[in-house]
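**Q** quick check, what structure comes out for this input:
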Amino acid sequence: MKRLPVCFFAAVVGALMACVGVPAAAEDGFQPMFNGKDLSGWVLTNTPPETWSFQDDLLICSGKPIGEIRTEKMYQNFIMELEWRHMVPRGNAGVFVWADDITARGVPFHRGIEVQVLENAYGNTQSYTTHGDIFPIHGAKMTPINGRGGDRAFPTESRANPSPEWNHYRIECRDGEISLAVNGKVVTQGKEASPSKGYICLESEGGVVHFRNIRIQTLPDTDIAPEQIAIANRGYESLYSGLNLTGWAEPSDSDQWKVNDWTLSHTSAVDQTSRLVSQRSFDRIGFVVDVRLKDDAGKASIAIGDQTKFDLADPEIAKHLQKSGQWNRLELTQVDDKRLLIVNGQPTEVSQSFVSGPLTLVASGNVDFCNVYARTISVNQP
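**A** You can find the predicted model right below:
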């Protein structure tokens, strides 16, 4: 009997696997991170659905507003591969690894390690290059390999193709060490990263960018200290889209509120107070809101319906605030079964029982808000 070639059997096996729905990517240990239809498995951290779309197996990012999406799952050790291309010169984007659940204070980005995705026309400087940089951001830490005296790792050579050509990234993360291969060659490395377990994020930052063939191979976890793990999902949902005031009741003085990308700005005379009320109501509400008083005359508070108001002029709050022009973070959370307001990381004595209702932003003068998140806090939930 004539023996059939090995390639024949391989083809048969491949066909059978396709019939039973086993993805080809699984053969080498990789799994796709998107299904090509929607954002299943991902969280719209601070960008709306309009920012992300799918077309012909491409994930298209509009670049507006500036912000991110993140994975639902945390990762520690893994290999991630993706292809990207900028559709405009000087386009900006990035991939974050080992990130927290929501964005850091006063910025539209997570604390984590960023892998830079800049288009070639952006230009190179002593402090950054257009692609291939790896660096800790907004409180994360990392020791660079091939650094320039700071905490940023620079690529050993430039290998990216200009817009609108495709580029391939291979990001390997193991035990706090990270390496990046650009178009088939490792060019950037870092070590001693902290956190070294967290979420993976894709960044929207102004320009249209396409992604495709995003896949991951998860490697076994290793024991690490709790402080090496990023902040896990607390259930926060973004209430501000960065595009419009969808989700908010239209204020009678809407000309005082301006949508300014990731920042929501209020401008009025000092004696004119305006309120912006979320259309959604939350049971046992918890929130995170970042506030910036742009000058000494600005005033702001955060209210829950008409029941409770946290005024930044309250002495217990004011003593923890940054000076005018700097961002402050107010978080209403639960600690030991009690509601507690934390201001810039410091607990205050402004503590009451939990209440329910919509979130209300109150301002007079020149005030900016960003990172407006809310959640329902369950009993005994941290």
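**Q** so Arg371 sits in a strand?
**A** Not Arg; residue 371 is Asn. Yes. Assessed by DSSP: H, G, I helix; E, B strand; the rest coil, Asn371 belongs to a strand.
**Q** ok, and the closest non-adjacent residue to it?
**A** Asp290 (4.3 Å; Cβ to Cβ, 6 or more residues apart in numbering). C-betas here are computed from N, CA, C, even on glycine.
**Q** so which strand or helix has that neighbour?
**A** Taking DSSP states H and E as the criterion, Asp290 maps to strand 285-293.
**Q** now that strand: mean pLDDT?
**A** Averaging pLDDT along strand 285-293 gives 97.
**Q** with adjacent residues omitted, what lies nearest to the residue nearest the centre of the chain?
**A** In the chain, the C-alpha nearest the mean C-alpha coordinate belongs to Glu68, at 3.9 Å (Cα atoms, centre = their mean). Distances taken as Cβ to Cβ, 6+ apart put Cys201 closest to Glu68, at 4.5 Å, once the chain neighbours are dropped.
**Q** bridging residues for the one you found?
**A** Arg70, Phe96 (DSSP bridges).
**Q** pull up the gap between it and Thr103, please.
**A** 9 Å (Cβ to Cβ, to the nearest Å).
**Q** list the contacts of the residue lying closest to Thr222 once chain neighbours are set aside.
**A** In this structure, Thr222 finds its nearest non-sequential neighbour in Asp175, 5.7 Å apart by Cβ to Cβ, 6+ apart. By Cβ atoms under 8 Å, 6 or more residues apart in numbering, the contact set of Asp175 is Asn77, Ser196, Thr222, Ile224.
**Q** pull the most distant pair out of the residues you listed.
**A** The span of the contacts of Asp175, defined through Cβ to Cβ, is set by Asn77 and Ile224 at 10.0 Å.
**Q** out of the two, which sits in the busier spot?
**A** Asn77 (18 against 15; other Cβ atoms under 10 Å).
**Q** contacting residues for the nearest residue to that one once chain neighbours are set aside?
**A** Closest residue to Asn77 in three dimensions, ignoring its sequence neighbours and counting by Cβ to Cβ, 6+ apart: Leu219, at 3.8 Å. Contacts for Leu219 were tallied using Cβ under 8 Å, 6+ apart; they are Gln76, Asn77, Phe78, Ile79, Arg174.
**Q** re earlier: Arg329 is in contact with the residue nearest to Asn371, correct?
**A** Yes. Counting by Cβ atoms under 8 Å, Asp290 touches Arg329, with 5.2 Å between them.
**Q** identify, from the contacts of Leu219, the entry nearest to Val95.
**A** For the contacts of Leu219, the minimum distance to Val95 (Cβ to Cβ) is 12.1 Å, reached by Phe78.
**Q** backbone torsions only: list them for the closest one.
**A** phi -170, psi 170 (degrees, to the nearest 10).
**Q** right, and it touches Asp221 too?
**A** No. Counting by Cβ under 8 Å, Phe78 stays clear of Asp221, with 9.9 Å between them.
**Q** higher neighbour count, these two?
**A** Between Phe78 and Asp221, counted using other Cβ under 10 Å, Phe78 has the larger neighbour count: 17 against 13.
**Q** rewinding a little: which residues touch the residue nearest to Glu68?
**A** Thr45, Glu68, Ile69, Arg70, Thr71, Val95, Phe96, Val97, Ala99, His110, Gly112.
**Q** now do 10 Å
**A** 42-43, 45, 67-71, 94-100, 103, 109-110, 112, 114 (Cβ atoms under 10 Å, 6 or more residues apart in numbering).
**Q** next: Gln228.
**A** Gln76, Trp98, Asp175, Gly176, Ala193, Ser194, Pro195, Ser196, Lys197, Gly198.
**Q** and the first one, how far from Met142?
**A** To tie it back to what came earlier, the one meant is Gln76. Taking Cβ to Cβ, one finds Gln76 at 15 Å from Met142.
**Q** when the two are compared, which one has more neighbours?
**A** Met142 (26 against 22).
**Q** re earlier: the residue nearest to Asn371: how many residues sit nearby?
**A** 22.
**Q** one more: the one 4 residues further on?
**A** Burial of Lys294 is recorded as 16 neighbouring residues (other Cβ under 10 Å).
**Q** spatially nearest residue to it, not counting backbone neighbours?
**A** Lys294's closest residue in space is Asn366 (Cβ to Cβ, 6+ apart), at 4.0 Å.
**Q** in the chain, which helix or strand is least confident?
**A** helix 6-19 (a mean of 36; mean pLDDT, DSSP states H and E).
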